[in-house]
Structures are given as structure tokens and as C-alpha cells.
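[1] Give the three-dimensional model of this entry:
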Amino acid sequence: MRNRSSGQSGNSLIEFTLVGIPLIFVLISTFEMARGMWLYHTLAYSVKEGCRYASVHGQNCATLPNSCSVNIGQIARNIRSAGLGLEGSRLNLTFTDNSGTALSCAMNDCLSSTITWPPGSANTPGMTITVSATYSFQSAIAMFWPGASRQGPVAAVNLPASSSERIKF
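    Take a look at the predicted model:
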């Protein structure tokens, strides 16, 4: 009886190798895809909230006795507060007014900006403003791609989001 079982001692290890490793890869892939989709949704939501915030602070909001005009830093803080889980160092914002003039900055730089936006010439009610963003998503699953560099950083995918609104007031 002993001789028979000693010939099968490596079967468990081989079965785990053939089934377990691909299963672990599938589980990691599933979690990474879910994380990527969550970040994309969070990015889209935060950009929409930032654009909505800017759209209700137009020309009529800035005329006396009102003093509620906004700047890039305030809009960026609104985007940051709506975008929980987004790293500011990976987020780039672009603000485009009705005339097509675009202002781009990294989130961390935007937070300290005091530039009034939308500018006085493009903030009348009915004009369209656009806030766009790209977020650099680095997935752990990219380490397993064939040909991926082992020394450099993990490959990144840029997740885009954009929102356009008409100025309300």
C-alpha cells in the first residue's frame, strides 16, 4: 500500500500549479478592473461637480453687491473633495471657456491658483464652459504583461473625463 501512494505525492503540487496560479491571476485581474472602473467613475463625477460649481458662479455672481466669483483653486478644491481616492499628483485638469481658450494644470498646482475662471469675457449666462481631466491609472496587473519592464515604473493608462455646462447666473 505504501509504494502505491508514494508515486502520487507530487499530484497536488502539479494540480495547484495548473489551476491555482491562473485562478489567482484571474482574481487579481478582476479586482484591478473593478478598481479602474471605480476610479473612472469617481473621476467623471468629480469633474462634473467641478463644472457645475463653476457654472453657477458666472458674471451675475461677480457683480456688486455679490462677490462670489470663483478661481481655478476653488474649482480644483471642489473637484478634489468630490474625487475621493484620486491622487492629485496623477490628475491633470483643463479648463476651457466659451471662446476656446484652455488653461491646463496639474491638480496640485491648480489648488494654489488664484486665476479667476471663467474669465470676464467668457462668463455671461448661457455661455458654455468645459472642465476636462485625465488621470494616470497604474494597474498592478501590468507587471504580468509579456515584455513589461522590470526596472521602470508600471505602465499607465490615462483615464479621460470631461463635463460641459452652460453658465447659469
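
[2] Please make it C-alpha for all contacts and neighbour counts, starting now.
    Will do.

[3] Start and end of stretch 98-116, how far apart?
    15 Å (CA to CA, to the nearest Å).

[4] Figure out how far that stretch is from the centre of its chain.
    Distance, stretch centre to chain centre, for stretch 98-116: 17 Å (CA atoms, centre = their mean, to the nearest Å).

[5] Would you indicate which residues of that stretch are buried?
    98, 105-111 (16 or more other CA atoms under 10 Å).

[6] can you redo those residues as a markdown table with secondary structure?
    Below are the buried residues of stretch 98-116 laid out as a markdown table (DSSP: H, G, I helix; E, B strand; the rest coil):
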| residue | secondary structure |
| --- | --- |
| Asn98 | coil |
| Cys105 | strand |
| Ala106 | strand |
| Met107 | helix |
| Asn108 | helix |
| Asp109 | helix |
| Cys110 | helix |
| Leu111 | coil |
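
[7] export these to JSON lines and tack on pLDDT and distance to Lys168?
    Shown next, in JSON lines, are these (pLDDT from 0 to 100; distance: CA to CA, whole Å):
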{"residue": "Asn98", "pLDDT": "93", "distance to Lys168": "14"}
{"residue": "Cys105", "pLDDT": "97", "distance to Lys168": "25"}
{"residue": "Ala106", "pLDDT": "97", "distance to Lys168": "27"}
{"residue": "Met107", "pLDDT": "97", "distance to Lys168": "25"}
{"residue": "Asn108", "pLDDT": "96", "distance to Lys168": "28"}
{"residue": "Asp109", "pLDDT": "97", "distance to Lys168": "27"}
{"residue": "Cys110", "pLDDT": "97", "distance to Lys168": "24"}
{"residue": "Leu111", "pLDDT": "97", "distance to Lys168": "24"}
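
[8] Can you lay out the residues you listed as JSON lines showing distance to Leu39?
    Formatted as JSON lines, these follow (distance: CA to CA, whole Å):
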{"residue": "Asn98", "distance to Leu39": "28"}
{"residue": "Cys105", "distance to Leu39": "20"}
{"residue": "Ala106", "distance to Leu39": "17"}
{"residue": "Met107", "distance to Leu39": "16"}
{"residue": "Asn108", "distance to Leu39": "18"}
{"residue": "Asp109", "distance to Leu39": "21"}
{"residue": "Cys110", "distance to Leu39": "20"}
{"residue": "Leu111", "distance to Leu39": "20"}
